[in-house]
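Colleague: Sequence and predicted model, in that order:
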Amino acid sequence: MKKYNIIKSYALLFLFFLILLPKHVGAEVILMYHKFGEASFPSTNIRIEQFESHIKELKNKNFNVLPLPKILLAIKNKEKLPEKTIAITIDDGYKSVYSVAFPTLQKANFPFTVFISTAAIDKNYKSHMTWDDVRALASNGVEIGAHTDTHLHMTDHNNDILIKEIKTSNKRFQEELGFVPEIFAYPYGEASTRIKKIVRNHGYKFAFGQHSGAISGNSDLFFLNRFALNENFGDLNRFSKIINALPLEIKDVLPKDHVTNQNPPSLGFTVTDKNISIEELNCFPSGNINLKINIISKERVEIRFNKPFPRGRTRINCTALGKDSMWHWAGFMFYTKAGED
């Protein structure tokens, strides 16, 4: 009887610690690149040696680099994916995607997605791939996504222009590839409630911005996070932090729209992440802007900025080191049509 009680005690103790273990079901990181080995464009370029170090890190640390559609369907259906799941995306369709990224990723056996603006290819820009290049990618299993026709700032245009952009892009994909993509990426990562509705109504099933953070089953499927990488923000230390990031689970985000007439906006959200102590939260805006985090309750924070945002997009990253010793990350994007010069 005494032996039974000891075994029972150990079993209960094991279950107790098992409950305490962090559970990160459905937390995935999506990476974003543009150009490869094009040193004249450091804000959108990744140096080849940096890119190769990223691939090596993913290989050596046994990350699961999966096709983007597989990840998105699992997120949508609340299905569990392997831990350390990563997807690789590339925007715009520059020539170096075909000449540099494709052979490198193919050698590593890593799937990836390319979001293409069709007009640049139709105009035979030397900086971009040809339709033959795109067909070669697609025939080798590369996922092709949509990125409008002319890569315009969608927030600056009315519905008629945006609908024309999407229809033209879809028509060209159908003509050249025989299919229309189901995944969309907003040029410059700029979106709004109005724009998301247009994208959804034209048959896309998922859409991406360029605001940092991991994604989960609670993410907005039409404004999904990605971590942008370039030569200024592509060192291995930052990359390692990014690929190990977890989502900062939040709700009741205000303002609800990413385009706001209030400048600066008042950002607020409720932290539902039980791994996070709200006092550990830090937020960092882009540009020369300062902020103050006001803790309203044990879960609610309101963020106030010291001056108006500049015209265009401003991004805010909020991070916290969790009780699980992991970095939890939420990114926000605001677009202001009038602001400081």
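Modeller: Thanks, I have the structure now. Residues are numbered from 1 along each chain as shown.

Colleague: CA atoms for contacts and neighbours, from now on please.
Modeller: Fine.

Colleague: Show me what the nearest residue to residue 101 once chain neighbours are set aside is bridged to.
Modeller: Nearest-residue entry for residue 101: residue 36, 6.8 Å, with adjacent residues in sequence omitted and distances by C-alpha to C-alpha, 6 or more residues apart in numbering. Counting by DSSP bridges, residue 36 forms beta bridges with residue 46.

Colleague: wait, residue 36 sits on residue 52?
Modeller: No. Judged on C-alpha atoms under 8 Å, residue 36 makes no contact with residue 52 at a distance of 10.4 Å.

Colleague: Give me the more crowded residue out of these two.
Modeller: Neighbour count, other C-alpha atoms under 10 Å: between residue 36 and residue 52, residue 36 has more, with 26 against 16.

Colleague: For the residue nearest to the spatial centre of the chain, give me the pLDDT.
Modeller: Nearest to the geometric centre of the chain sits residue 226, at 1.4 Å (C-alpha atoms, centre = their mean). For residue 226, the model assigns a pLDDT of 98.

Colleague: So, low pLDDT: which residues of the stretch 1-150 of the chain?
Modeller: 1-26 (pLDDT under 70).

Colleague: returning to what we had before: so the residue nearest to the centre of the chain makes contact with residue 216?
Modeller: No. With contact defined as C-alpha under 8 Å, residue 226 does not count as touching residue 216 (11.9 Å).

Colleague: ok so residue 240 is a helix residue?
Modeller: Yes. According to DSSP: H, G, I helix; E, B strand; the rest coil, residue 240 belongs to a helix.

Colleague: Once you drop chain neighbours, what's closest to it?
Modeller: Nearest non-adjacent residue to residue 240 (C-alpha to C-alpha, 6+ apart): residue 57, at 7.8 Å.

Colleague: Now do that neighbour against residue 64, distance only.
Modeller: Separation of residue 57 from residue 64 (C-alpha to C-alpha, to the nearest Å): 12 Å.

Colleague: swap in residue 148?
Modeller: 30 Å.

Colleague: just residue 266 next, same as before
Modeller: Residue 266 is 38 Å from residue 64, by C-alpha to C-alpha.

Colleague: if we can go back for a sec, please say which of residue 148 and residue 64 ends up with more neighbours.
Modeller: Taking neighbours as other C-alpha under 10 Å, residue 148 and residue 64 compare with residue 148 leading, 28 against 17.

Colleague: ok, which stretches of the stretch 101-250 of the chain are helices?
Modeller: Assigned by DSSP state H, counting those that start in this stretch, the stretch 101-250 of the chain shows helices spanning 102-108, 118-122, 131-139, 159-177, 193-201, 236-243.

Colleague: can I get the CA coordinates of the fourth one in CSV?
Modeller: The C-alpha atoms that make up helix 159-177 are tabulated as CSV, following Å, rounded to 0.1, in the frame of the first residue of the first chain:
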residue,chain,number,x,y,z
ASN,A,159,-12.0,50.7,-54.6
ASP,A,160,-12.4,50.8,-58.4
ILE,A,161,-8.6,51.1,-58.9
LEU,A,162,-7.9,48.3,-56.4
ILE,A,163,-10.4,46.0,-58.0
LYS,A,164,-8.9,46.7,-61.4
GLU,A,165,-5.4,46.0,-60.1
ILE,A,166,-6.5,42.6,-58.7
LYS,A,167,-8.5,41.6,-61.7
THR,A,168,-5.6,42.5,-64.1
SER,A,169,-3.2,40.5,-61.9
ASN,A,170,-5.5,37.5,-61.8
LYS,A,171,-6.0,37.6,-65.5
ARG,A,172,-2.3,37.6,-66.2
PHE,A,173,-1.7,34.7,-63.9
GLN,A,174,-4.4,32.7,-65.5
GLU,A,175,-3.0,33.5,-69.0
GLU,A,176,0.6,32.8,-68.2
LEU,A,177,0.4,30.0,-65.5
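
Colleague: For residue 271, see how far away residue 182 is.
Modeller: 31 Å.

Colleague: what do you get for residue 80?
Modeller: 23 Å.

Colleague: Also residue 214?
Modeller: 15 Å.

Colleague: more neighbours, those two?
Modeller: Using other C-alpha under 10 Å as the criterion, residue 214 and residue 271 rank with residue 214 on top: 29 against 21.

Colleague: Isn't that one up against residue 319?
Modeller: No. In this structure residue 214 lies outside contact range of residue 319 using C-alpha under 8 Å: 11.2 Å.

Colleague: Need the contact partners of stretch 165-180.
Modeller: Stretch 165-180 has contacts (C-alpha atoms under 8 Å, 6 or more residues apart in numbering) with 117-119, 131, 135, 146-150, 181, 199, 202.

Colleague: repeat that for 6 Å
Modeller: Contacts with stretch 165-180, where a contact means C-alpha atoms under 6 Å, 6 or more residues apart in numbering, come from 118, 148, 149.
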